[in-house]
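Colleague: Sequence first, predicted model second:
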Amino acid sequence: MTLEPERGEPPPRMARHRSSPEKLTRRSAALTLLGAIVPGAGLIKTRYRRLGWLLIMFLVMGASGVAGVVLLIGPTKAALEVAVRPRALLALSVSLIVGGLIWVATLVLTHQGTMHSTIQERQRTFLRWWTAALCLAVATPLGVVVQYSLIQRDTVSAVFSSHDTRDDRQAPNADQADPWAGVGELNMLLIGSDAGNDRVGVRTDSMILAHIDTATGETVLFSLPRNLQNVPFPKDNPLHKIYPNGYRCGPQCLLNAVWTEAVNHARLFDDDIENPGLYTLKGVIEEVTELRIDYTTIVDLKGFEAFVDAMGGVTVNVRERLPVQGWRSRSGRLRGVEEWIEPGVQHLDGYHALWFARSRLASDDYSRMRRQRCLVGKAINQMDPATMLKRYPQLARAARENIATDIPARDLPFTQLPADDETRSHKRVRHQLFDQPPDPHRGRGRRRRRRLLSATRRYGGIPVDPDGLR
């Protein structure tokens, strides 16, 4: 005789089936979430378990390979090897697109493989939306990384040289543990050009020579006065035949007019010289300073304005009242001033930062040079990584449209000096302005100071007072 369940009481087996849809729904949601965290992990508990284990195996192998490279060459160099190589960035973008599609597909398969027939329609709808949300959560950051990678690729290709234009210039040796071994010093010429509507040709209004000691990372920024006179042309430059005794042709023949002078005589230069203006200016500055220039970087002044705007502005301490726009009348009075940049700590946007750097109607060229170096240093020190990352598309656009350099893209992974001993710690890699001249008791600093001071005195661009070199 068997016991019958009482009327109205469901059998235990039916009770278990009644509660199973909720459990199956939770199981499906959990496995899909697991698959969103670890690609393929959610498939292990479905009929696609072999595919899940295969994806996890590839993931582990890939992660191990990346970890091995990072441990072998260091995280910074490993990142630079990708970040400054257009082909590597393109390969990264393609890999992320393909990997992202596979990842999203595994989430869909996990959803399908865990969708039991007893799950009710309301619960099915929830699981569909849950899976869609997880697919979006996976695809969105990957899409941002792909976008930034392609922007970076375009920027590196547009700004940096695809080939090495230097002849006997010093360069890092990729085959050595320390690529900078044997390279004692580097000199980079930073040029701010202004080819506005009211000007004929290119005027190099800002010329800063960055002198870098690769042994310590010490960087000295030295401004070259735009009004240097009688500057010499190198003997192998075609303009040397026209001006054998220096650039002498009246008050307009200053250092900042050398570029335009070379462009006006471009027919005299060999066809393999792509930019006679830059080629000549670099040679003249080498003659003046007796320093060999290894790299040059040109920034259009409008590009500087866009760059400061993209980084959210820059805070500086304004020491003198500066006019924005304007000119001096024959009587010496200021006319046409739009507004004034007042003394004190000011947060400047790109437009006002540009006038902070270039204004000289109420001061002089030397005051302007000090402000330019100050602005460069402040902009570097105030670069916030989070803000720069957020505004990177705008920064990259400003760089592509307004910056050009002859630094070969293949040298970029070695632009960071090593930090494997006390004399080369990252704390020593800093920007030292000439407001704080090198220690005169140090031989190298004393020689550098004497050489640059002598050169600028010789060509009429700086006061005799040594403290004027600031």
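Modeller: Good, I have the coordinates.
Colleague: What strand or helix carries residue 371?
Modeller: Per DSSP states H and E, residue 371 falls inside helix 365-381.
Colleague: For that helix, give the mean pLDDT please.
Modeller: For helix 365-381, the per-residue pLDDT values average out at 78.
Colleague: Moving C-terminal from that helix, which element do we reach first?
Modeller: Next along the chain after helix 365-381, with elements defined by DSSP H and E, is helix 385-390.
Colleague: ok, and what's touching that following helix?
Modeller: Among residues not part of helix 385-390, those counted as contacts by CB atoms under 8 Å, 6 or more residues apart in numbering are 311, 312, 395. C-beta coordinates here come from the backbone N, C-alpha and C atoms, glycine included.
Colleague: can you give me the strands in this protein?
Modeller: For the chain, the strands defined by DSSP state E occupy 185-194, 203-213, 218-223, 295-300, 314-318, 322-324, 327-328, 334-335, 339-341, 344-348, 403-405, 430-433.
Colleague: Output the second one as CSV, nothing but the C-alphas.
Modeller: By that I understand strand 203-213. C-alpha atoms of strand 203-213 as CSV (Å, rounded to 0.1, in the frame of the first residue of the first chain):
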residue,chain,number,x,y,z
ARG,A,203,59.2,84.2,-38.6
THR,A,204,60.9,82.1,-35.9
ASP,A,205,59.9,84.3,-33.0
SER,A,206,60.8,81.7,-30.3
MET,A,207,64.0,79.7,-30.5
ILE,A,208,65.0,77.6,-27.4
LEU,A,209,67.9,75.3,-27.3
ALA,A,210,67.4,72.3,-25.0
HIS,A,211,70.8,71.0,-23.8
ILE,A,212,70.5,67.5,-22.3
ASP,A,213,73.1,65.7,-20.3
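Colleague: For that strand, name the packing helices and strands.
Modeller: strand 185-194, strand 218-223, helix 258-264, helix 276-289, helix 350-358, helix 365-381 (3 or more CB pairs under 8 Å, 6 or more residues apart in numbering; DSSP states H and E).
Colleague: please redo it, this time with the cut-off set to 6 Å
Modeller: Based on contacts counted as 3 or more CB pairs under 6 Å, 6 or more residues apart in numbering; DSSP states H and E, the elements that strand 203-213 packs against are strand 185-194, strand 218-223.
Colleague: quick one: which of these is nearest residue 265?
Modeller: strand 185-194 (18.5 Å; CB to CB).
Colleague: now this structure, which segments are flagged as low pLDDT?
Modeller: Under the criterion of pLDDT under 70, the regions of the chain flagged as low confidence span 1-19, 161-183, 194-203, 217, 410-470.
Colleague: which one's the longest helix in it?
Modeller: If each helix of the chain is counted by residues according to DSSP state H, the longest one is helix 121-159.
Colleague: circling back to that earlier point, return the closest of the contacts of helix 385-390 with respect to residue 234.
Modeller: residue 395 (36.1 Å).
Colleague: Would you work out how far apart the start and end of stretch 225-237 are?
Modeller: 22 Å (CA to CA, to the nearest Å).
Colleague: got the angle between the helix holding residue 371 and strand 185-194?
Modeller: In terms of direction (axes from the mean of the first three to the mean of the last three CA atoms, to 10 degrees), helix 365-381 departs from strand 185-194 by 110 degrees.
Colleague: Helix 365-381 to strand 314-318, inter-axis angle?
Modeller: Angular relation of helix 365-381 and strand 314-318 on a 0 to 180 degree scale: 150 degrees, by the same axes, to 10 degrees.
Colleague: from what I can see residue 206 touches residue 192, true?
Modeller: Yes: counting by CB atoms under 6 Å, residue 206 sits close enough to residue 192 to count as a contact (3.1 Å).
Colleague: Now do the buried residues in stretch 273-290.
Modeller: When neighbours are counted by 16 or more other CB atoms under 10 Å, the buried residues of stretch 273-290 are found to be 273, 275-289.
Colleague: just to revisit the earlier point, just tell me which of the helices and strands packed on strand 203-213 ends up closest to residue 404.
Modeller: Closest to residue 404 of these is strand 185-194 (CB to CB; 9.4 Å).
Colleague: List of residues touching that closest one?
Modeller: When contacts are defined by CB atoms under 6 Å, 6 or more residues apart in numbering, strand 185-194 is touched by residues 202-213, 291, 293-301.
Colleague: quick one on the thing from earlier: want to try TSV for the strands of the chain, with distance to residue 94 as columns?
Modeller: TSV is the format used below for the strands of the chain (distance: least, CB to CB, whole Å):
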stretch	distance to residue 94
strand 185-194	34
strand 203-213	36
strand 218-223	37
strand 295-300	31
strand 314-318	37
strand 322-324	48
strand 327-328	55
strand 334-335	58
strand 339-341	48
strand 344-348	41
strand 403-405	27
strand 430-433	37
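Colleague: Adding distance to residue 133 and mean neighbour count as columns, could you present those strands in CSV?
Modeller: Putting the strands of the chain into CSV (distance: least, CB to CB, whole Å; neighbours: other CB atoms under 10 Å) gives the following:
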stretch, distance to residue 133, mean neighbour count
strand 185-194, 49, 21
strand 203-213, 50, 21
strand 218-223, 49, 21
strand 295-300, 45, 20
strand 314-318, 40, 18
strand 322-324, 51, 20
strand 327-328, 61, 12
strand 334-335, 62, 12
strand 339-341, 50, 16
strand 344-348, 40, 13
strand 403-405, 41, 19
strand 430-433, 46, 16
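Colleague: I'd like to know which of those is closest to residue 135.
Modeller: strand 403-405 (38.6 Å).
Colleague: partners of the closest one, with directions?
Modeller: Strand 403-405 has the following strand partners under DSSP bridges: strand 295-300 (antiparallel).
Colleague: Quick one: distance of the strand it pairs with to the chain centre.
Modeller: If you compare the mean C-alpha spot of strand 295-300 with that of the full chain, they lie 14 Å apart, counting by CA atoms, centre = their mean, to the nearest Å.
Colleague: what's the answer for stretch 96-109, then?
Modeller: Distance of stretch 96-109 from its chain centroid, counting by CA atoms, centre = their mean, is 31 Å.
Colleague: Same question for that stretch: list its buried residues.
Modeller: Neighbour count says stretch 96-109 has 96, 100, 103, 104, 106, 107, 109 buried, by 16+ other CB under 10 Å.
Colleague: Is the second one in contact with residue 140, as I believe?
Modeller: Looking back up the chat, that one is residue 100. No: the pair formed by residue 100 and residue 140 falls short of the contact definition of CB under 6 Å, at 9.8 Å.
Colleague: one step back: tell me the helices and strands packed up against the helix holding residue 371.
Modeller: In terms of contacts (3+ CB pairs under 6 Å, 6+ apart), helix 365-381 is packed against strand 218-223, strand 314-318, helix 350-358, strand 430-433.
Colleague: change it to 8 Å
Modeller: Contact partners of helix 365-381 among helices and strands, from 3+ CB pairs under 8 Å, 6+ apart: strand 203-213, strand 218-223, strand 314-318, helix 350-358, strand 430-433.
Colleague: Specify the angle between the fourth one and helix 365-381 in degrees.
Modeller: In this structure, helix 350-358 runs at an angle of 140 degrees to helix 365-381, with the same axes, to 10 degrees as the basis.
Colleague: May I have helix 350-358 exported as PDB, CA atoms only?
Modeller: Output in PDB follows, covering the C-alpha atoms of helix 350-358 (Å, rounded to 0.1, in the frame of the first residue of the first chain):
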ATOM      1  CA  GLY A 350      45.500  79.100 -24.800                       C
ATOM      2  CA  TYR A 351      44.900  82.600 -26.200                       C
ATOM      3  CA  HIS A 352      46.100  84.400 -23.200                       C
ATOM      4  CA  ALA A 353      49.000  82.000 -22.600                       C
ATOM      5  CA  LEU A 354      50.100  82.700 -26.200                       C
ATOM      6  CA  TRP A 355      50.100  86.500 -25.500                       C
ATOM      7  CA  PHE A 356      51.900  85.900 -22.200                       C
ATOM      8  CA  ALA A 357      54.600  84.200 -24.200                       C
ATOM      9  CA  ARG A 358      54.900  86.600 -27.100                       C
END
